[in-house]
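J.: got a predicted structure plus its sequence, pasted below:
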Amino acid sequence: MPTRFRYLKWITVIFLFVEIISTCYIYSKKRLDGDIATIVLPIGSNQEVLKDPFGLQAAIHHKKYSGPNRWFCHQSMRVLFIQVANTYNLFIKDKVLSIYLANMTGYLVAHLLLFFALFLYASVLTKKLNINALFVIITIIPFFHGSIFSKWFMLVDNSVTYTIFYTFPLAIALLYFYPFYKSIVLKQLFWRPYHWLGWIFLAYIVAFSSPFNPVIGILVSVGIFLFYWRENFSRQSINNFPLRILKSLMQIPPHYFIFLFLFSLMCLYAIYVGTFNIENVTMPLNERYKIFFQFLPSYFISVPFLVVAFTTLYALEISSWENLLEEQRRQIKMLCFLIIIMLVYVFLIPFGGYRSYRPEILRGDITMPLTVVLVIICSTSMLFSWENFKSKPSKKYLATLLFTGVLFWSPDKFNISNNKKQKEYLYKLSQHVGKEPLLLPKDETIISWSTFDTPEQGYYISKFLEERGITKGFVPFYQQ
């Protein structure tokens, strides 16, 4: 075994152990956010989406309600805070603790699923769980932290609701497209007849989940189609240009073409249904683009993007294009192609509407698809450069990897959210007896984005606590 690999196995094991413990601790300290109660109960127009998984009321009757194309995410939230919380209650009697454990579980499931997807993409050429796979694991882990950069660059949101609506479905979308990605990189067909049923179900989840998945689904589907067509076209020696185009199209695997076409239609339908989202605020498109371009420079010259770009380019320089295998070159080409697709997506973001509570338009959560591809190509380039060293890596190279890893990994270890007060107030509510409203301090939110001056304002929170069995009946409260 080469010198550079001698201790990597044990370093990875120790690092993974520390990472698992610290990540569980960080997520256990997360507050319950302000969208949980309204979605889980559900309140108002959130009831409509749960009754209509395919958004038919919006499509046929033009009925406006919350998230008509996000049934999967709404249902996932209910499963998390009802079924998962009830499962914890089988082992512990503390219902306040069980709701926080459910909250932590939401973060962990989304985190692990996205990590698994990123690992698959970055290590697609790795045949088994060897030293290269361990190296990929080490390079990906730090990017899941760095909450101080969440304004521009994030993989897991600070809110469990946003994590379920953004990170979780994006991870599923990556898994959905992985067979196509692997097929392109390795020049092999991986589809089998029994794959169809599972992929049809997965296609629905991808299309009817996060705000960006339908758009990403169409762009990536078109991108895969063009990638195959371009490769087939370049291999053709026919002089007749129209015939060359036709023959190139015919060489695309027919089941790929059919499935991507049907999936794109499903995504188009989801986008159309999404136009009836009651949260959409009317604002002229040119005004939205003015706001977009105001934030664009600071977004692309932010610290995380510059560091990731430098690390990737430096690693690729060390790898040397001439020294890369054909499969490695195809992987880099495909990832660069995906970056172009994600940049197109970023510039289409203003078409998605405007939210008064999210005035920036360009934020770390909505640009997560681009972030994900950048992480994959950064990890992949670091792996290729690592393999390129014949003996011990240079100190400059190791310093670059260490700097990038520490920059992203360390902030969360010193900037841990604290739900102590919120939990304390929930315990007070759970112990309250009587119909008189309970007065609580105004220094912490109670499963909300803001505090409540009157019991009427916090009615739905009291209702949520009652239904989850946290309080003994309906307990009104207010804050001063």
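T.: It's in. Remember, it's a predicted structure, so these values are computed and weren't measured experimentally.
J.: just the helices in the stretch 1-150 of the chain please.
T.: Secondary structure of the stretch 1-150 of the chain (DSSP state H, counting those that start in this stretch): helices at 8-28, 36-40, 46-51, 56-61, 71-78, 85-89, 95-122, 131-140.
J.: give the next helix or strand downstream of the last one.
T.: In this case it means helix 131-140. Later in the chain than helix 131-140, the nearest helix or strand by DSSP states H and E is helix 160-162.
J.: next structured bit after that next one?
T.: Taking DSSP H and E, what comes next after helix 160-162 is helix 168-186.
J.: for that next one, name the packing helices and strands.
T.: helix 71-78, helix 95-122, helix 195-207, helix 213-235, helix 254-274, helix 326-348, helix 368-388 (3 or more Cβ pairs under 8 Å, 6 or more residues apart in numbering; DSSP states H and E). Any C-beta I mention is one placed from the backbone N, CA and C, and that applies to glycine too.
J.: now mean neighbour count too, for these, in JSON lines please.
T.: As requested, the helices and strands packed on helix 168-186 are exported to JSON lines (neighbours: other Cβ atoms under 10 Å):
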{"stretch": "helix 71-78", "mean neighbour count": "21"}
{"stretch": "helix 95-122", "mean neighbour count": "21"}
{"stretch": "helix 195-207", "mean neighbour count": "16"}
{"stretch": "helix 213-235", "mean neighbour count": "19"}
{"stretch": "helix 254-274", "mean neighbour count": "18"}
{"stretch": "helix 326-348", "mean neighbour count": "17"}
{"stretch": "helix 368-388", "mean neighbour count": "23"}
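J.: kindly reformat these as CSV containing mean pLDDT.
T.: Shown next, in CSV, are the helices and strands packed on helix 168-186 (pLDDT from 0 to 100):
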stretch, mean pLDDT
helix 71-78, 94
helix 95-122, 94
helix 195-207, 81
helix 213-235, 86
helix 254-274, 87
helix 326-348, 91
helix 368-388, 88
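J.: what's the closest of these to Ile21?
T.: helix 95-122 (12.3 Å; Cβ to Cβ).
J.: okay if I get the helices and strands packed on helix 168-186 as JSON lines plus distance to Val475?
T.: Below are the helices and strands packed on helix 168-186 laid out as JSON lines (distance: least, Cβ to Cβ, whole Å):
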{"stretch": "helix 71-78", "distance to Val475": "22"}
{"stretch": "helix 95-122", "distance to Val475": "13"}
{"stretch": "helix 195-207", "distance to Val475": "37"}
{"stretch": "helix 213-235", "distance to Val475": "38"}
{"stretch": "helix 254-274", "distance to Val475": "37"}
{"stretch": "helix 326-348", "distance to Val475": "45"}
{"stretch": "helix 368-388", "distance to Val475": "38"}
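J.: select, out of those, the one closest to Lys290.
T.: Short answer: helix 326-348, nearest of the helices and strands packed on helix 168-186 by Cβ to Cβ, at 13.9 Å.
J.: next, the angle helix 95-122 makes with the closest one.
T.: 130 degrees (axes from the mean of the first three to the mean of the last three Cα atoms, to 10 degrees).
J.: which other helices and strands does helix 326-348 contact?
T.: Checked by 3+ Cβ pairs under 8 Å, 6+ apart, helix 326-348 has helix 168-186, helix 213-235, helix 368-388 packed alongside it.
J.: put the alpha carbons of that helix into PDB.
T.: Extracted C-alpha coordinates of helix 326-348, given in PDB (Å, rounded to 0.1, in the frame of the first residue of the first chain):
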ATOM      1  CA  GLU A 326     -11.100   8.400 -20.800                       C
ATOM      2  CA  GLU A 327     -13.700   7.600 -18.100                       C
ATOM      3  CA  GLN A 328     -12.400  10.300 -15.900                       C
ATOM      4  CA  ARG A 329     -12.400  12.800 -18.700                       C
ATOM      5  CA  ARG A 330     -16.000  11.900 -19.500                       C
ATOM      6  CA  GLN A 331     -16.900  12.400 -15.800                       C
ATOM      7  CA  ILE A 332     -15.400  15.900 -15.700                       C
ATOM      8  CA  LYS A 333     -17.000  16.800 -19.000                       C
ATOM      9  CA  MET A 334     -20.400  15.600 -17.700                       C
ATOM     10  CA  LEU A 335     -20.000  17.600 -14.400                       C
ATOM     11  CA  CYS A 336     -19.000  20.700 -16.300                       C
ATOM     12  CA  PHE A 337     -22.100  20.200 -18.500                       C
ATOM     13  CA  LEU A 338     -24.200  20.000 -15.400                       C
ATOM     14  CA  ILE A 339     -22.700  23.200 -14.000                       C
ATOM     15  CA  ILE A 340     -23.800  25.000 -17.200                       C
ATOM     16  CA  ILE A 341     -27.300  23.500 -16.800                       C
ATOM     17  CA  MET A 342     -27.400  24.700 -13.200                       C
ATOM     18  CA  LEU A 343     -26.200  28.200 -14.200                       C
ATOM     19  CA  VAL A 344     -29.100  28.300 -16.600                       C
ATOM     20  CA  TYR A 345     -31.400  27.300 -13.800                       C
ATOM     21  CA  VAL A 346     -30.000  30.100 -11.500                       C
ATOM     22  CA  PHE A 347     -30.700  32.700 -14.200                       C
ATOM     23  CA  LEU A 348     -34.300  31.400 -14.500                       C
END
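J.: how close does Trp449 get to Gln457?
T.: As judged by Cβ to Cβ, to the nearest Å, Trp449 and Gln457 stand 12 Å apart.
J.: more neighbours: those two, which one.
T.: Just comparing Trp449 and Gln457: by other Cβ atoms under 10 Å the higher neighbour count belongs to Gln457, 15 against 10.
J.: was I right to think that one contacts Phe477?
T.: No: assessed by Cβ atoms under 8 Å, Gln457 is found out of contact with Phe477, at 9.9 Å.
J.: hang on, the earlier thing: determine which of the helices and strands packed on helix 168-186 approaches Val307 most closely.
T.: Comparing the helices and strands packed on helix 168-186 by Cβ to Cβ, helix 368-388 comes nearest, at 9.3 Å.
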